[in-house]
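Engineer: Provide a 3D model corresponding to the input given below.
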Amino acid sequence: MRTVAVALAAVALLAACGGTGSAQPAGSIKVTMTEYHFEPATINATSGKVVFFLVNAGSASHDMVIKDKSTGARVPGAASELVSAGDTFVFTVSNLPAGSYTFFCDQPGHEAAGMSGALTVT
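Structural biologist: Alright, predicted model coming up:
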């Protein structure tokens, strides 16, 4: 029984790291999401591990998806979880190569309403 309690406590602690409601990690890029806008809409990052701190300041749920600008293909592993209104989320892309990308909210109608931006990785 004690082992189960310890395991549940460990899961709770791990869930608090990098999920909703967490503090902004050092070195991360803060991105605020509202209807229907990202701030900043233009982001520069260094290749490799890129950490975004997503803040949903809007009233609807939003996410962030990254796609290659030249091909239009989604970057594997580069889609955040859906972030509820008022919540935050630490979104990590483990190995983002240098290049030009776009990012957008994948919720129906959000990208068409202008919820997108440009990402340059050097």
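
Engineer: so where do the helices sit in the chain?
Structural biologist: Here the chain has its helices, by DSSP state H, at 2-16.

Engineer: list the residues that contact the most centrally placed residue in the chain.
Structural biologist: Note on the chain: the residue nearest the mean C-alpha position is residue 91, at 3.8 Å, using C-alpha atoms, centre = their mean. Listed by C-beta atoms under 8 Å, 6 or more residues apart in numbering, the contact set of residue 91 reads 51, 52, 53, 54, 64, 80, 81. In short, each C-beta sits where N, CA and C put it, glycine included.

Engineer: 6 Å instead, please
Structural biologist: 52, 54, 80 (C-beta atoms under 6 Å, 6 or more residues apart in numbering).

Engineer: likewise for residue 31?
Structural biologist: 38, 52, 54.

Engineer: separation between it and residue 60?
Structural biologist: Distance from residue 31 to residue 60, counting by C-beta to C-beta, to the nearest Å: 16 Å.

Engineer: and what of residue 42?
Structural biologist: In terms of C-beta to C-beta, residue 42 sits 23 Å off from residue 60.

Engineer: these two: which has the busier surroundings?
Structural biologist: residue 60 (14 against 9; other C-beta atoms under 10 Å).

Engineer: list the beta-bridge partners for residue 50.
Structural biologist: residue 93 (DSSP bridges).
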